[in-house]
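3D model of this:
(one chain, ligands or ions: 1)
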Amino acid sequence: MAKNAKIVIVGCGISGVAAAHRLIKAGYQHVRILEATGRAGGRIKTGRLGDNVVEIGANWIHGPSEENPVFCLARQYGLLDPEALTSENQSVDIGGHPLWVPNVFVSSGRKLNPEDVSPALEIFADLLNEGSEFQNQKGEPFASVGEFIRSEVKKRTAENWKDVDPAVRSLRLCAISNMLKVECCVNGTHSMDDVGLGAFGQYKTLPGLDCTFPGGFEGLVKKLMSELPDDVVTYNRPVRCVHWNDTERGENQVAVECRDGEKMLADHVIVTVPLGYLKKECSSLFQPPLPLHKLHSIQRLGFGTNNKIFVEFDEPWWDADCEVIYLLWEDEEAVMDQVSDVQKSWIKKLFGFTVLKPTERYGHVLCGWIAGHESEHMETLSEQEVADAVTQLIRRFTGNPVITPRRVLRSQWFSDPWTCGSYSYLRKGCSEQDLDNMMEPLPPRGSKSQPLQVLFAGEATHPCFFSTVHGALLTGRREADRLISHYSSTSPLEVPKS
Ligand code: 6YU
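Numbering: from 1, shown residues only. Here you go, the predicted structure:
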């Protein structure tokens, strides 16, 4: 019986859970998830800071509207605030760049009038939009988004800011450096010089004003898991190697070898491990090794680090309506997004903070954002060292020498051995073809062996929603559907034996 097919899913993040959900709902009875850690959710991870719920991983539903399956599920399970459900909220189209109310501070300890730097933010927003338009056009003017932005900023500021006071002009250029750091966090990259210009428009946004889960993003995973049989996941069971095309055994099954030595046979394996893990382990995770075109795409695609530093205060030092705090270093008019001495100056990469809202729910909690190698260095420091650095930073920018956070908590996604970073991006030299190669099942097209032995899901395999939860969820469903339609097209009742 097709529905007796044995299917092993490697990884219990949202893509693995979505694949299992789809298969089990379609009547497949032998679905098993092997998860390396002791929990479900992967990069969806809700934690606590004092009494507050905070998101260590995924934060927002990006584009909460009808087309977004995460929004639809969250609505169905009753996990969202009423405001997020309104049609006005769903119809706002901001192209992935929220228009938050900013407070702007500078490194000499002053609060700026945001109007002073708004022309810089406008130029930057225009350049991001223009940068998305080179897709599928041969001959983009620069290899990376960073180079494009720097060159255009030079041109446009020379033309448009000729008569602007030099001090104001300098501050605006520092604001552009800060915007580049914001974009490093959005893209999960070390520098915008690493993000390919030609493929920048490959990522697609959905309409809807980004919203959060009041009870935590993990609530979504829990709801989905509650609809699956209790024993579907085996936790603390990292997979060491997937043996496919095992001609020696002369069987069509795939052998999944766990790190504890256990081996299990399956008709199909859906691999959902993060791209960061694949980059590190792909040479040992598959036997025989992956085809070269797939290996090259794994190496070519980008997977960087974005971390959060939550900081709680007794009293706010920002305005009541403030949604984001930007920290501008006044020595960064050279338009840069990397620090020269990572060990000494890593904190300069932190672009600022988003404010957790509503205040009645969270109190006075900020979320600092830091990407890149500076973020990876931050992970090596003790929590106290991070807290000290953030305290000094805030004292310097506010000019208030006594501000002291009540609590600090940071994420460490790069050192997580099962993730090795935060999420994927299209690095310089990448194209849509790399994402196609990522999702291609094994054995590859044209092979005479048993088809669909190994399938690939996970955020890094989505052609336009990579780096997101909805993208990941859709890939899990896609691979489940691939199996379901394979069986319905071969024979509705039989597992094909060839
Ligand atoms: C979103 C958001 N968000 C912030 C931060 C992070 C991420 N994302 P999983 O890793 O979940 O599961 C794999 C499992 O496999 C895992 O459990 C492992 O333990 C297991 N595993 C590994 N090896 C194994 C082995 N050997 N054996 C067995 N098991 C093994 N997404 O929608 N909104 O706000 C954010 C954010 C700090 C780290 C995010 C966000 C990304 C999502 O979290 C992520 O895509 C999915 O959860 C991944 O699910 P999965 O199942 O694939 O893997 C122009 C342009 C710009 C392009 N980007 C713009 C979009 C911006 C994305 N924004 C993100 C921002 C934040 C803030």
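
I'd like to know how far the residue located most distally from the centre of the chain sits from the ligand.
The centre of the chain is farthest from one residue, residue 163, which by CA atoms, centre = their mean lies 41.1 Å away. According to CB to the nearest ligand atom, to the nearest Å, residue 163 stands 33 Å off from the ligand. Every residue, glycine included, has its C-beta placed from N, CA and C.

Give me the three-state assignment for that residue.
At residue 163 the chain is in coil, as set by DSSP: H, G, I helix; E, B strand; the rest coil.

Phi, psi for it please.
Here is the backbone geometry of residue 163 (degrees, to the nearest 10): phi -100, psi 10.

Could you measure from it over to residue 169?
Using CB to CB, to the nearest Å, residue 163 is found at 10 Å from residue 169.

circling back to that earlier point, how about the residue farthest from the centre of the chain, what does it touch?
By CB atoms under 8 Å, 6 or more residues apart in numbering, no residues touch residue 163.

wait, doesn't residue 245 sit right on residue 443?
Yes. Using CB atoms under 8 Å, residue 245 is in contact with residue 443, at 6.0 Å.

overlap in contacts of these two?
By the contact definition CB under 8 Å, 6+ apart, residue 245 and residue 443 are jointly contacted by 449, 453.

Which per-residue confidence value corresponds to residue 348?
Listed pLDDT for residue 348 reads 98.

Could you pull up the contacting residues of it?
Counting by CB under 8 Å, 6+ apart, residue 348 has contacts 329, 332, 339, 374.

Tell me how many other residues surround the second one.
Look at residue 332: counted by other CB atoms under 10 Å, it has 21 neighbours.

Now for this protein, the helix or strand with the poorest mean pLDDT.
When the helices and strands of the chain are scored by mean pLDDT, DSSP states H and E, helix 87-91 comes last with a mean of 90.

what's in contact with that one?
For helix 87-91, contacts defined as CB under 8 Å, 6+ apart pick out 64, 65, 66, 71, 83, 207, 208, 209, 211.

at 10 Å what do you get?
Around helix 87-91, the neighbours that count as contacts under CB atoms under 10 Å, 6 or more residues apart in numbering are 63-68, 71, 75, 80-84, 206-211.

How far does that helix sit from its chain's centre?
24 Å (CA atoms, centre = their mean, to the nearest Å).

Could I get the CA-only coordinates of that helix as CSV?
Extracted C-alpha coordinates of helix 87-91, given in CSV (Å, rounded to 0.1, in the frame of the first residue of the first chain):
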residue,chain,number,x,y,z
SER,A,87,-8.5,43.7,6.5
GLU,A,88,-6.7,47.1,6.8
ASN,A,89,-3.7,45.3,8.3
GLN,A,90,-3.7,42.7,5.7
SER,A,91,-3.9,45.1,2.8
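
if I pick the closest residue to residue 93 other than its chain neighbours, what's in contact with it?
Nearest residue to residue 93, sequence neighbours excluded (CB to CB, 6 or more residues apart in numbering): residue 207, at 4.3 Å. The neighbours of residue 207, taking CB under 10 Å, 6+ apart as the test, are 63-68, 89-95.

repeat for residue 113
Each residue near residue 113 by CB under 10 Å, 6+ apart is listed here: residue 104.

Ok, residue 123 next?
Counted by CB under 10 Å, 6+ apart, residue 123 has contacts 149, 152, 153, 156, 157, 160, 161, 172, 175, 176, 179.

Could you tell me what pLDDT the model assigned to the third one?
Per-residue confidence at residue 153 stands at 97 (pLDDT).

cool, the fifth one as well?
The predicted local distance difference test score for residue 157 is 93.

Check which helix or strand it maps to.
Using DSSP states H and E, the element containing residue 157 is helix 145-160.

what secondary structure does residue 367 sit in?
Look at residue 367: counting by three-state DSSP, its state is strand.

May I ask you to confirm that it is in contact with residue 306?
No. Here residue 367 lies out of contact with residue 306, judged by CB atoms under 10 Å, at a distance of 11.5 Å.

Poorly predicted segments of the stretch 301-450 of the chain, please.
Within the stretch 301-450 of the chain, no stretch has pLDDT under 70.

For it, which residues are neighbours of the ligand?
Counting by CB under 6 Å from any ligand atom, the stretch 301-450 of the chain comes close to the ligand at 306, 308, 411, 413, 418, 419, 422, 423.

give me that answer again for 5 Å
Proximity of the stretch 301-450 of the chain to the ligand, by CB under 5 Å from any ligand atom, involves residues 413, 418, 422, 423.

Which ones among these map onto strands?
residue 423 (DSSP state E).

can I get the residues of the stretch 301-450 of the chain next to the ligand in CSV with neighbour count?
Converted to CSV, these look like this (neighbours: other CB atoms under 10 Å):
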residue, neighbour count
413, 25
418, 17
422, 28
423, 28
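
biggest separation within the residues of the stretch 301-450 of the chain next to the ligand, which pair?
Farthest pair in those (CB to CB) is 418 and 423. Separation: 14.0 Å.

Spell out, range by range, the helices that occur in the stretch 101-250 of the chain.
According to DSSP state H, counting those that start in this stretch, the stretch 101-250 of the chain carries its helices in the segments 118-131, 145-160, 166-187, 218-226.

just how off-centre is the second one within its chain?
For helix 145-160, the distance between its averaged C-alpha position and the chain's averaged C-alpha position is 28 Å (CA atoms, centre = their mean).

Could you do the shortest one as well?
With CA atoms, centre = their mean as the basis, the distance from the averaged C-alpha position of helix 218-226 to the chain average is 19 Å.

which parts of the least confident helix or strand of the chain are buried?
Of the residues in helix 87-91, 89, 90 count as buried by neighbour count, 16 or more other CB atoms under 10 Å.

How about stretch 56-66?
Residues of stretch 56-66 classed as buried: 56, 57, 58, 59, 60, 61, 62, 63, 64, 65 (neighbour count, 16+ other CB under 10 Å).

With pLDDT added, can I get those residues in TSV?
Formatted as TSV, the buried residues of stretch 56-66 follow (pLDDT from 0 to 100):
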residue	pLDDT
56	98
57	98
58	98
59	97
60	97
61	97
62	96
63	95
64	96
65	95
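
just to revisit the earlier point, of the helices of the stretch 101-250 of the chain, which is nearest the ligand?
helix 166-187 (5.0 Å; CB to the nearest ligand atom).

for the record, mean pLDDT for the closest one?
On average, helix 166-187 scores 97.

likewise stretch 466-474?
98.

Off-centre distance for that stretch?
Offset of stretch 466-474 from its chain centre (CA atoms, centre = their mean): 9 Å.

Make residue 1 into 727 and carry on from there
Renumbered: residue one is now 727, and that last one reads stretch 1192-1200.

Am I right that residue 780 falls within a strand?
Yes. Counting by three-state DSSP, residue 780 falls inside a strand.

Is it correct that it is in contact with residue 942?
Yes. Between residue 780 and residue 942 there is a contact under CB under 10 Å: 8.3 Å.

what touches both of those two?
Residues touching both residue 780 and residue 942 by CB under 10 Å, 6+ apart: 771, 772, 773, 774.

I'd like to know how many residues surround the second one.
Summarising burial for residue 772: neighbours were counted as other CB under 10 Å, giving 20.

Could you report the separation of it from residue 781?
With distances taken as CB to CB, residue 772 is found 6 Å from residue 781.

Find the residues that touch each one of these two.
With CB under 10 Å, 6+ apart as the test, residue 772 and residue 781 both reach 939, 942, 943, 944.

neighbour-wise, which of the residues you listed leads?
Result: residue 943 is most packed of the shared contacts of residue 772 and residue 781 (other CB under 10 Å), 26 neighbours.

what's near enough to touch the spatially closest residue to it that is not a sequence neighbour?
Nearest non-adjacent residue to residue 943, counting by CB to CB, 6+ apart: residue 770, 4.8 Å away. Residue 770 makes contacts with 739-740, 743, 781-785, 796, 939, 942-947, 1195, 1198, as judged by CB under 10 Å, 6+ apart.
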